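Engineer: Structure here, sequence nowhere to be found:
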């Protein structure tokens with residue numbers, strides 16, 4: 001870690017309009033900061049606001065109040081295109097449901113973030129092949145998602161997350177759809193790549209064993225922080 005703040009969240013609130021003109025608040029005045037290279041697990045019961053918080057931190061949604069500073073850029077007031085540029089420059093994602101493009105091969109799926117940046121070509125393809133080999137899929141790069149197991153699809157998603165060398169990686173229940181042995185292998189890959197590349201890691205999980213692999217745990221209940229400290 002170099003002491004730089006990679007993620008800063010100040011009094012973050014998210015509410016939605018519901019029937020009868022009422023407001024449903026799912027996240028209320030959450031504040032924390034995370035240094036570059038650090039790892040944070042966000043835990044709490046279902047409905048506590050974990051995934052909402054992750055989406056706001058990554059700029060996938062906009063808060064009702066408060067501010068998020070991601071890699072030195074305040075993103076709350078940015079439009080969608082500007083937030084997308086920040087994400088593409090600095091952020092990697094691993095989702096519980098993989099979110100692979102079914103009509104693309106494993107190799108093509110990994111290359112998507114670079115293609116969006118206009119950085120395709122032989123060098124990008126070589127990097128994608130190396131990442132697929134790193135996650136144990138060196139012989140499966142021409143396979144489509146339907147030809148891969150759930151664990152293999154999640155490994156493709158992990159390779160895709162790291163292809164643009166993100167400064168921060170957001171993971172939403174990255175082992176939630178995997179069996180025990182596959183989940184353990186995915187955990188080792190996430191933390192191995194996190195350590196090797198110095199990537200800041202933020203993950204949402206119900207798995208306390210996975211959470212304890214992080215340096216810090218943020219606990220949510222009812223949309224508010226109830227504990228924040230070392231794992």
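Structural biologist: Received it, and whenever you're ready, just let me know what you need. Given the structure is predicted, the values throughout are model-derived calculations rather than measurements. Numbering: from 1, shown residues only.

Engineer: So, low pLDDT: which residues of this protein?
Structural biologist: Applying pLDDT under 70 to the chain flags the ranges 1-3.

Engineer: Show me where it has its helices.
Structural biologist: 50-57, 80-90, 106-116, 122-134, 150-162, 180-197, 208-211 (DSSP state H).

Engineer: Tell me which other helices or strands the second one touches.
Structural biologist: The one in question is helix 80-90. Contacting helix 80-90 under the criterion 3 or more CB pairs under 8 Å, 6 or more residues apart in numbering; DSSP states H and E is no other helix or strand. C-betas here are computed from N, CA, C, even on glycine.

Engineer: Just the buried residues of it, please?
Structural biologist: Within helix 80-90, the residues that qualify as buried are 83, 85, 86, 87, 90, counting by 16 or more other CB atoms under 10 Å.

Engineer: okay, these in TSV with distance to residue 12 next?
Structural biologist: Converted to TSV, those look like this (distance: CB to CB, whole Å):
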residue	distance to residue 12
83	15
85	21
86	17
87	17
90	19
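
Engineer: Just flag the most distant two among those.
Structural biologist: Within those, 83 and 90 form the most distant pair, 11.0 Å apart (CB to CB).

Engineer: so who does the spatially most central residue of the chain touch?
Structural biologist: When CA atoms, centre = their mean is applied to the chain, the residue found nearest the centroid is residue 170 (1.6 Å). Counting by CB atoms under 8 Å, 6 or more residues apart in numbering, residue 170 makes contact with 54, 57, 58, 91, 92, 93, 94, 202, 203.

Engineer: Which residues outside stretch 171-180 are in contact with it?
Structural biologist: With contact meaning CB under 8 Å, 6+ apart, stretch 171-180 is reached by 51, 54, 93-97, 150-151, 154, 158, 182-183, 186-187, 190, 201-207, 210.

Engineer: A ChimeraX selection for these, restricted to the buried ones, would help me check which they are.
Structural biologist: In ChimeraX, a selection of the buried entries from the contacts of stretch 171-180 looks like this (16+ other CB under 10 Å):
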select :51,54,93,94,95,96,151,154,158,182,183,186,187,190,201,202,203,204,205,207,210
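
Engineer: returning to that earlier point: make TSV from the helices of the chain and add distance to residue 222 to it.
Structural biologist: Output for the helices of the chain, formatted as TSV (distance: least, CB to CB, whole Å):
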stretch	distance to residue 222
helix 50-57	12
helix 80-90	27
helix 106-116	35
helix 122-134	39
helix 150-162	30
helix 180-197	28
helix 208-211	19
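
Engineer: hang on, the earlier thing: wait, which of the contacts of residue 170 is closest to residue 113?
Structural biologist: residue 92 (7.9 Å).

Engineer: which residues pair with the closest one across the strands?
Structural biologist: The bridge-partner assignment for residue 92, based on DSSP bridges, gives residue 169.

Engineer: thinking it is in contact with residue 199, fair?
Structural biologist: Yes. Counting by CB atoms under 8 Å, residue 92 does reach residue 199; the two are 7.3 Å apart.
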